[in-house]
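Colleague: Next one to model:
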Amino acid sequence: MARQRVLRVFEWNGIKGADDYVDETFDRTVRKIDEGNTIDNLLAYLIGVARLIVKEVYKERSRAPVSLDDVSVVSRHEDPELIEPDQRELCFDRCLNELTKDNHSLILEYYEGTGSEKIRCRDRLADKLGLPLNALRIRAHRIRKSLESCIAKCLEVSPARNK
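Modeller: Numbering: from 1, shown residues only. Purely as a prediction, here's the structure:
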């Protein structure tokens, strides 16, 4: 179970070769235990180590030189409407439109902005709805979970997806 949870950390962050990084996570944790450190919650510690490794991988990637052959060039004259959306986008749009009007606007406003702007947006949204910030987080979490479930079902029945 712990291995699967740690593996998901790398997969969710789009890290290729996730199995190798899971092994590295366990190796680092075992070294800490061998050094005499006490770990109260092993799963939480493993996930924390995995997150640190994800940061290291991102930092490594940002420093790595990129070949011009690997860079895709998009023409400024290319019509964005000609690019066909993938099945996940179609399912996301369909599931988003299946939400109630209130939930639809709440989830879109909740994820609006970046950085400190996002925090201010969420504070304003909580005030507008007359909710404590934690209640807003819980509500957004539940909406997101229902969206994830809907998208997963949509992808399972999609004829474009091979299983």
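Colleague: which residues touch Ile153?
Modeller: Residue 153: Lys, not Ile. The contact partners of Lys153, by C-beta atoms under 8 Å, 6 or more residues apart in numbering, come to none. For glycine as for every other residue, the C-beta is placed from the backbone atoms N, C-alpha and C.
Colleague: which of the residues in the host helix or strand of it are buried?
Modeller: Taking DSSP states H and E as the criterion, Lys153 maps to helix 133-157. By neighbour count on 16 or more other C-beta atoms under 10 Å, the buried set for helix 133-157 is 136, 139-140, 143, 147, 150-151, 154-155.
Colleague: And the helices in this structure, which stretches?
Modeller: Here the chain has its helices, by DSSP state H, at 2-12, 18-34, 42-63, 87-98, 101-110, 115-129, 133-157.
Colleague: re the thing from before, please compute how far the helix holding Lys153 lies from its chain's middle.
Modeller: In terms of C-alpha atoms, centre = their mean, to the nearest Å, the centre of helix 133-157 is found 13 Å from the chain centre.
Colleague: can I see the domain layout of the chain?
Modeller: The chain breaks down into these domains under automatic domain parsing: 2-63, 84-157.
Colleague: what would those domains look like in CSV with mean pLDDT?
Modeller: Formatted as CSV, the domains of the chain follow (pLDDT from 0 to 100):
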stretch, mean pLDDT
domain 2-63, 88
domain 84-157, 89
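Colleague: Need the phi and psi values for the most far-flung residue of the chain relative to its centre.
Modeller: Most distant from the centre of the chain: Gly36, at 34.1 Å, with distances by C-alpha atoms, centre = their mean. For Gly36, the backbone dihedrals are phi 100, psi 10 (criterion: degrees, to the nearest 10).
Colleague: That one and Leu155, how far apart?
Modeller: According to C-beta to C-beta, to the nearest Å, Gly36 and Leu155 sit 47 Å apart.
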